[in-house]
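J.: kindly generate the corresponding structure for this input.
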Amino acid sequence: MEKSKTNNKKTINKYIPLFVLAVVMLWIKTYISQKTQFKLDVEGALQEMLLFINPLGSALLLLSVSFFFKGARKYWSLLLIYTLMSVLLYANVVYYRFFSDFITLPTLFQTQNFGDLGGSVLTLIQPTDAFFFVDVLLLMYLILSKKVKKDKGSFKTKAVLPVITIALAISFFNLAIAETDRPQLLTRGFDRNYIVKYLGMYNYALYDTVETVKSSSQRVLADSDDNTEILNYTKSNFAEPNEDFFGAAEGMNVVYLHLESFQTFLIDYELNGEEVTPFLNSLTGDQNTLYFDNFFHQTAQGKTSDAEFMLENSLFGLPKGSAFITKSQNTYQAAPAILKDKGYTSAVFHGNNGTFWNRSEIYKSFGYDYFFDIESYENLTPEDMAEYGVMDKPFFEQSGEILETLPEPFYTKLLTVSHHFPYHINPDLTTIGKATTGDPSVDNYFQTARYADEAIEQFFTQLEESGLADNTMVVLYGDHYGISDNHNNAMEQILSKEITPVENADLQRVPLFIHVPGMEGGIDHTYGGQIDLLPTVLHMMGVETEDYVQFGADLLSEDHEEIVTFRNGDYVTPEIYSIGEKYYNPETGLLIEDAQLEQAEKFQQQSNYELELSDQLVNGDLLRFYTPNGFTPIVPSDYSYQSSQVE
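T.: You can find the predicted model right below:
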């Protein structure tokens with residue numbers, strides 16, 4: 001009996017110090033990473049304390065799993081868990097450098113994109129990143145080293161319970177204090193920065209997993225009654241079309257030009273005294289073009305796919321992952337399907353793999369007749385290829401030739417790729433110099449933007465030469481930011497001003513041009529977002545939309561409410577900007593006065609409610625229970641994109 005007690009004591013003496021070292025190393029590494037690698041806007045001593053302690057509870061709890069293994073296995077399980085947690089932390093650091101966001105469970109299942117993203121990921125990795133794994137190597141050395149004696153004993157459950165109890169106590173204390181500083185932290189999870197700031201990286205991963213499972217179960221539990229509240233909301237917020245523009249493009253062809261990573265600050269911007277986008281600049285003054293200079297992207301983790309999702313459906317993208325990936329089998333009432341009943345042929349052109357963002361599947365649910373991907377483009381040379389597909393100029397040249405073969409009227413979308421992070425381009429194709437901030441992503445941005453501008457001008461010329469221009473509405477829109485707020489130091493040099501929270505929100509503007517032959521154009525200062533594009537375009541085509549479930553509102557309508565909701569719950573209006581649960585005056589950049597707080601909070605409630613309703617609809621696949629009058633539901637199995645030939 002005495003010998004048994006002695007062996008158990010030796011077990012504790014030999015393993016516990018190594019375990020404590022692992023907990024402390026992971027705790028400190030995670031804290032430093034959260035403090036230095038993420039912009040969590042920590043304010044005050046309480047939030048600083050929470051940021052410091054939140055990795056401890058989860059590190060202690062997860063590493064304590066190793067106690068349940070016997071003999072040498074507990075050492076290897078400790079190393080494995082430690083390594084996996086380190087990889088999770090580092091993966092989020094790299095992901096955050098471009099997306100200013102954290103990895104979610106749905107993004108991990110977007111595996112069909114991984115091959116295309118390889119080059120971009122490599123540009124985000126820095127030499128100093130090796131330090132993220134020095135501690136992993138140290139732990140491995142200690143376990144392998146003969147200097148650290150190993151025991152073959154095991155821990156009894158009652159010996160492990162105190163460790164788990166302490167870990168849970170720390171975590172619950174953390175959550176309780178966090179809730180006092182930000183009530184309803186876990187029920188208002190639009191912004192992942194808050195979850196990480198208050199609960200830490202590893203607890204966020206657990207929270208994200210639970211939320212993902214919950215959203216996945218919504219479809220199973222949904223029924224037609226769930227549509228009632230949504231229908232009441234969308235009908236009560238319907239914006240009547242503007243008589244001056246309703247039907248302005250009736251019967252015309254429609255061409256969307258998807259401007260990859262274009263931000264509005266590029267318009268009329270001069271680099272070293274030279275216009276970066278001279279052709280797009282000229283469109284702002286075109287007599288048949290409407291240019292919206294307060295149009296914002298509203299994308300989240302889905303980025304380009306979120307932009308497409310909104311313009312086709314007037315539904316918000318998901319708060320995590322991409323609806324293109326996780327909700328491709330849903331029932332939709334997208335633009336191609338709506339216009340199919342009006343006699344339109346629909347097609348998408350994209351010089352990348354058809355599986356990228358799962359387009360080859362979700363386009364069937366939207367009702368697209370044709371999808372021309374990389375397989376449709378011929379005689380391409382290495383110089384014709386960008387990292388994400390065909391360069392814009394050869395892409396437009398060949399797409400324009402196919403466009404001429406489509407039955408009219410047609411509804412089409414052309415997705416450009418040349419102006420995509422990390423903005424690499426063959427020097428022989430550049431016609432403007434780089435910026436000189438010292439930040440490669442920012443400096444290269446202007447050369448690919450100029451190339452894209454030249455390609456767009458080329459496409460307009462093609463339309464003229466083909467005879468299509470006189471009967472075609474062309475809509476040009478930016479899909480999302482190209483330069484994230486991680487590059488704000490360089491952007492301050494570009495814009496010659498400090499990037500305040502208000503300025504950063506303004507940088508989320510993306511261009512929107514609507515060119516209609518014979519229509520009176522001009523510059524429109526209306527505040528709007530991508531969610532508003534579908535009802536705007538349909539009304540200009542003379543299509544009534546009141547019976548459809550759309551969360552956007554016609555930008556040209558007198559009933560359009562100028563509130564733009566971002567996916568994280570922030571919003572902007574002409575008078576109030578909501579940023580990180582603070583309310584700013586956009587003119588002064590200062591926090592608003594008390595007199596406006598009531599209105600600001602009213603807008604906040606409206607934005608949150610709208611996001612919740614849209615998520616309910618998408619997660620529950622609720623459109624399968626509702627068919628508007630005159631609409632023919634899409635049967636995805638009727639569509640196949642095997643052939644690149646127009647029938």
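J.: which SSE is immediately downstream of the helix or strand of the chain with the lowest mean pLDDT?
T.: Ranked by mean pLDDT, DSSP states H and E, the helix or strand of the chain with the weakest confidence is helix 114-124, at a mean of 61. Following helix 114-124 in sequence order, the next helix or strand is helix 134-144 (DSSP states H and E).
J.: and that next one, what does it pack against?
T.: helix 2-36, helix 73-99 (3 or more C-beta pairs under 8 Å, 6 or more residues apart in numbering; DSSP states H and E). All C-beta atoms are positioned from the backbone trio N, CA, C, and that covers glycine.
J.: quick one: buried residues of it?
T.: If you call a residue buried by 16 or more other C-beta atoms under 10 Å, then helix 134-144 has these buried ones: 135-136, 139, 142-143.
J.: what about the strands in the stretch 451-600 of the chain?
T.: Per DSSP state E, counting those that start in this stretch, the stretch 451-600 of the chain carries strands over the ranges 472-478, 512-515, 522-524, 528-529, 564-565, 571-572, 577-579, 582-584.
J.: swap in the stretch 151-300 of the chain?
T.: Using DSSP E, counting those that start in this stretch, strands in the stretch 151-300 of the chain cover 253-259, 270-271, 274-275, 289-292, 295-296.
J.: what residues of stretch 345-357 count as buried?
T.: Quick answer for stretch 345-357 (16+ other C-beta under 10 Å): 345-354, 356-357.
J.: now tabulate those in TSV and tack on secondary structure, pLDDT and distance to residue 70.
T.: Listed next are the buried residues of stretch 345-357 as TSV, based on DSSP: H, G, I helix; E, B strand; the rest coil; pLDDT from 0 to 100; distance: C-beta to C-beta, whole Å:
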residue	secondary structure	pLDDT	distance to residue 70
345	strand	98	67
346	strand	98	62
347	strand	98	62
348	strand	97	57
349	strand	97	60
350	strand	96	54
351	coil	94	56
352	coil	91	51
353	coil	86	48
354	coil	86	50
356	helix	83	47
357	helix	83	46
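J.: which one of those sits closest to residue 544?
T.: residue 346 (19.3 Å; C-beta to C-beta).
J.: which stretch of helix or strand covers the residue nearest to residue 436 when sequence neighbours are not counted?
T.: In space, and not counting its chain neighbours, residue 436 is closest to residue 443: 6.6 Å by C-beta to C-beta, 6 or more residues apart in numbering. Taking DSSP H and E as the criterion, residue 443 maps to helix 440-466.
J.: so which other helices or strands are in contact with that helix?
T.: strand 253-259, helix 278-283, helix 392-403, strand 472-478, helix 488-495.
J.: circling back to that earlier point, right, so the helices and strands packed on helix 134-144: which one is the most enclosed?
T.: helix 73-99 (a mean of 18; mean count of other C-beta atoms under 10 Å).
J.: can you tell me how far the residue lying closest to residue 462 once chain neighbours are set aside is from residue 376?
T.: For residue 462, ignoring the flanking residues on the chain, the nearest one in space by C-beta to C-beta, 6+ apart is residue 400 at 4.1 Å. From residue 400 across to residue 376, the span is 13 Å (C-beta to C-beta, to the nearest Å).
J.: the domain parsing of the chain - what is it?
T.: 2-218, 243-553 (automatic domain parsing).
J.: which of those has the lowest mean pLDDT?
T.: Mean pLDDT across these is lowest at domain 2-218; the value there is a mean of 82.
J.: where exactly do the strands run in the stretch 301-450 of the chain?
T.: 345-350, 370-372, 385-386, 389-390, 410-415.
J.: how near is residue 408 to residue 376?
T.: 20 Å.
J.: those two: which is more packed in?
T.: residue 376 (20 against 14; other C-beta atoms under 10 Å).
J.: wait, the more buried one touches residue 405, no?
T.: No: using C-beta atoms under 8 Å, residue 376 is not in contact with residue 405; the gap is 11.5 Å.
J.: now the strands of the stretch 451-600 of the chain in CSV, with mean neighbour count and distance to residue 305?
T.: Converted to CSV, these look like this (neighbours: other C-beta atoms under 10 Å; distance: least, C-beta to C-beta, whole Å):
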stretch, mean neighbour count, distance to residue 305
strand 472-478, 24, 14
strand 512-515, 24, 19
strand 522-524, 13, 27
strand 528-529, 26, 16
strand 564-565, 26, 19
strand 571-572, 26, 22
strand 577-579, 21, 25
strand 582-584, 18, 30
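J.: could you dump those strands into CSV and include distance to residue 595?
T.: As requested, the strands of the stretch 451-600 of the chain are arranged in CSV below (distance: least, C-beta to C-beta, whole Å):
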stretch, distance to residue 595
strand 472-478, 35
strand 512-515, 33
strand 522-524, 29
strand 528-529, 26
strand 564-565, 22
strand 571-572, 19
strand 577-579, 16
strand 582-584, 12
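J.: which stretch among the ones you listed comes nearest residue 552?
T.: strand 528-529 (7.5 Å).
J.: got a list of contacts for that closest one?
T.: Around strand 528-529, the neighbours that count as contacts under C-beta atoms under 8 Å, 6 or more residues apart in numbering are 292, 294-298, 310, 512, 536, 552, 555, 560, 562, 564-565.
J.: do stretch 580-597 as well
T.: Contacting residues not belonging to stretch 580-597 are listed as 41, 191, 193, 500-503, 505-506, 570, 572, 574-578, 600 [C-beta under 8 Å, 6+ apart].
J.: leaving out sequence neighbours, find the closest residue to residue 604.
T.: residue 578 (5.7 Å).
J.: before we move on, the earlier item: distance to residue 183 for the helices and strands packed on helix 440-466 - can I get that in a markdown table?
T.: Putting these into a markdown table (distance: least, C-beta to C-beta, whole Å) gives the following:
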| stretch | distance to residue 183 |
| --- | --- |
| strand 253-259 | 40 |
| helix 278-283 | 45 |
| helix 392-403 | 48 |
| strand 472-478 | 36 |
| helix 488-495 | 30 |
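J.: right, and the ones you listed - which one's nearest residue 322?
T.: Nearest of the helices and strands packed on helix 440-466 (C-beta to C-beta): strand 253-259, 15.6 Å.
J.: what's the angle between the closest one and strand 345-350?
T.: Interaxial angle, strand 253-259 versus strand 345-350 (axes from the mean of the first three to the mean of the last three C-alpha atoms, to 10 degrees): 20 degrees.
J.: adjacent strands (with direction) for strand 253-259?
T.: strand 410-415 (parallel), strand 472-478 (parallel) (DSSP bridges).
J.: can you list the ones you listed in JSON lines and add distance to residue 607?
T.: Output for those, formatted as JSON lines (distance: least, C-beta to C-beta, whole Å):
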{"stretch": "strand 410-415", "distance to residue 607": "28"}
{"stretch": "strand 472-478", "distance to residue 607": "21"}
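J.: any idea which of the ones you listed gets closest to residue 28?
T.: strand 472-478 (41.4 Å).
J.: rewinding a little: so which of the strands of the stretch 451-600 of the chain gets nearest residue 451?
T.: strand 472-478 (15.6 Å).
J.: how about the closest one as PDB, C-alpha atoms only?
T.: Extracted in PDB, the C-alpha atoms of strand 472-478 (Å, rounded to 0.1, in the frame of the first residue of the first chain):
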ATOM      1  CA  THR A 472     -28.100  46.600 -73.000                       C
ATOM      2  CA  MET A 473     -28.100  47.800 -69.400                       C
ATOM      3  CA  VAL A 474     -24.700  47.500 -67.900                       C
ATOM      4  CA  VAL A 475     -24.400  47.400 -64.100                       C
ATOM      5  CA  LEU A 476     -20.900  47.700 -62.600                       C
ATOM      6  CA  TYR A 477     -20.400  47.000 -58.900                       C
ATOM      7  CA  GLY A 478     -17.500  46.500 -56.500                       C
END
